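> pasting a predicted model and its sequence here:
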Amino acid sequence: MSSQGYPRRTRHLPHSDVFSKPTHHMDDNARALLSYEKAKQIGLSYDMTIDDVLSLSPKFWQLHNDPVSLLDGAAFTLLAIQFNLCAGTVARYTRRRPELIPLVKDFLRFRKHGQFMLTELGHGLDISNIETTATLLPSGEFLLHSPTPSSAKFMPPTMPAGLPCVAVVFARLMVNGEFRGHRPFVVPLNDGKQMCAGVQSRLLPYRGGANPLPHALTTFTNVCLPRSALLGMLERPMNMHANLMDIIWRVAIGTMALGCVALPLMQCYATIGTMYSLRRVIGSATNPALRTPILTFRTQQAPILAVTANAYVMQAFQRWAVRQFCSKSVDGRVRHGVAAIFKAVMVQHSQQGALSVSERCGAQGLFAHNQMTCLHNEMRGIAIAEGDILGLAIRLVNEILLGRYDMPPPADPNSLLARHEAGLLAELREVVRTLPHHRSDEVNRLILPHCQPAMEAIGHRMAYDAAVAAGVRPCLVDLYVANVVKLDSAWYAEHAGLGRKAQQEMETRAQDQVLPLLGTLVKEMDVFAYVTAPIVSDDRWAAFVQDLKVFRGNARVDPLEQQRGGRFGVETEMVRSHL
């Protein structure tokens, strides 16, 4: 897959000192700090320029498709924030303000950490109602302030981490008591060792299951900023909402970019599942001739084949979606829609693959050192970051139903997935026609719960079209269609004449065709260098066990004596006395 896909600029990193350092027994704080160094090493490998960030060059998309994200999700999160959101936002203003160029270069060369502070604790996706204010003073300076506890900026890791940290902070611009819309401001947060005056960061508990990252609640108490901190104009914009959407444009780019991260994750699940299932055998422990790899069973094959087919189709979808998103000839609303749909489908298939393959790895699939559960948790964060998928779906589908714009039409309107898309949207349009208003309670009850499935259906059709046009192996496309049909089995039975048996036969035929190619398909994915799960080979497992902490001793314990007079016996009597 790499021979046809993006080049690997990080092949040297998995075996470097920073990335090969064992972390399983490190405390969370040490692991979090190590992730900052990993982010730096990844970023420097790409030698990103201001033009790359502004023009969304192939190198920019290569970064977000790089399987190095498999090695440390926290490091990749830091990198995505720094390069896309922070550096990307500031870089947009460098054409009129060249004095900002050194700051952007500091971000891209990791001489400073960069953060992006939009979301607030009490508002979430309701960004138009954020409370943080930046008030113009008579001196020409600004006073940045968090007026309430709910106005705390939520999640960005703002604690000192060795390098000076500068953030793009979004606030309500107040001039002479008048609200003039939202603006981004360049705000120093800390010098690498301690917070700046008036800036307070409260460290949140680490997220469960994901690589530790020091997320925080950050507030500002009358922080004085120079006039140069303001990015953009001082005047009131003609359209407040359009201005807000314009200044947070990098979030839409992030929606698209973070969706790309799901591809190497799917490739990872296919690789781990295949190699583990070949290594793990059942049968005689003494007679190799009587041992059978568990990959011979269809129940083991099915989830691995499914995620493999999905990965190849998603690669074709990714290339098509990136072209659409970067095309200046496409309506901006449609570009936003393509990004939202792309992210939704990528996350959907990635999460399905993580759960199904890790379950087929049994108890081994539960452990973070085998990557799958940890990557699944990382993808949960991606599903929310840069646009929560459900929120994106509600906005997109409602605008399509209202006829404000349409997504690119299907290449084959008669394909199964195109008919499914058209059918779901037709059902929703029929409901809308009976309603008094698009903001009525009936919309809340009858439309909103179906927006995400409808958006995903559009994405499934788009992915199918992209895969067919890109020449993806027909058996992989057929298996992808079978995988998608299972997601809404009842609709296909009711409207496409595909009963349960016919759906099962469709899946079985495609699986039979893909199975002989599985070894070749996994090899072409070319992500093994980034797979750290020890269960993929005997040598890796032996090395992993050798590094585990060992407890030895020569203690002798008489269990009967312990029951009579030891602590266990005393506690047992205490329980009995209360029965």
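Everything's here; your move. Numbers count the residues shown, from 1 in each chain.
> what packs against whatever helix or strand Gly181 lives in?
Using DSSP states H and E, Gly181 sits within strand 178-190. If you count contacts as 3 or more Cβ pairs under 8 Å, 6 or more residues apart in numbering; DSSP states H and E, strand 178-190 packs onto strand 142-145, strand 165-175, strand 199-203, strand 223-225, helix 240-247. C-betas here are computed from N, CA, C, even on glycine.
> save those as JSON lines, and put in mean pLDDT too.
As requested, the helices and strands packed on strand 178-190 are arranged in JSON lines below (pLDDT from 0 to 100):
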{"stretch": "strand 142-145", "mean pLDDT": "98"}
{"stretch": "strand 165-175", "mean pLDDT": "98"}
{"stretch": "strand 199-203", "mean pLDDT": "97"}
{"stretch": "strand 223-225", "mean pLDDT": "98"}
{"stretch": "helix 240-247", "mean pLDDT": "95"}
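> ok, which of those comes nearest His369?
Nearest to His369 among the helices and strands packed on strand 178-190 is strand 199-203 (25.5 Å), distances taken as Cβ to Cβ.
> note down every partner strand of the closest one and its orientation.
strand 216-220 (antiparallel) (DSSP bridges).
> contact partners for the closest residue to Gly337 other than its chain neighbours?
Nearest residue to Gly337, sequence neighbours excluded (Cβ to Cβ, 6 or more residues apart in numbering): Leu396, at 5.2 Å. Neighbouring residues of Leu396 by Cβ atoms under 8 Å, 6 or more residues apart in numbering: 336-337, 340-341, 451, 455.
> and the strand holding Gly181, what's buried?
Buried residues in strand 178-190, counted by 16 or more other Cβ atoms under 10 Å: 180-190.
> closest one of these to Leu163?
For the buried residues of strand 178-190, the residue nearest Leu163 by Cβ to Cβ is Asn190; the value is 9.2 Å.
> that closest one reaches Gly162, doesn't it?
No. The pair Asn190 / Gly162 is not scored as a contact, 10.0 Å apart, by Cβ atoms under 8 Å.
> residues touching Arg298, list them.
Residues near Arg298 by Cβ under 8 Å, 6+ apart: Gln511.
> rerun that using 10 Å as the cut-off
305, 508, 511-512, 515 (Cβ atoms under 10 Å, 6 or more residues apart in numbering).
> what does Met26 give?
32-34, 212.
> that one: what secondary structure?
Secondary structure, DSSP: H, G, I helix; E, B strand; the rest coil: Met26 is coil.
> show me which of the contacts of Met26 are buried.
Buried, going by 16+ other Cβ under 10 Å: 32, 34, 212, out of the contacts of Met26.
> can you flag which of those belong to helices?
Judged by DSSP state H, the buried ones among the contacts of Met26 include 32, 34 as members of helices.
> let's have the buried ones among the contacts of Met26 in CSV, adding pLDDT and distance to Thr49.
Shown next, in CSV, are the buried ones among the contacts of Met26 (pLDDT from 0 to 100; distance: Cβ to Cβ, whole Å):
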residue, pLDDT, distance to Thr49
Ala32, 95, 29
Leu34, 96, 27
Pro212, 94, 31
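> any weak-confidence spans in this structure?
1-7, 438, 561-579 (pLDDT under 70).
> quick one, domains of it?
Listed domain ranges for the chain are 1-111, 116-237, 256-530 (source: automatic domain parsing).
> roughly how far does Ala306 sit from Cys268?
Distance from Ala306 to Cys268, counting by Cβ to Cβ, to the nearest Å: 15 Å.
> please name the nearest non-neighbouring residue to Ile282.
The shortest distance from Ile282 to any non-neighbouring residue, by Cβ to Cβ, 6+ apart, is to Thr292 (5.6 Å).
> secondary structure class for that neighbour?
What three-state DSSP gives for Thr292 is strand.
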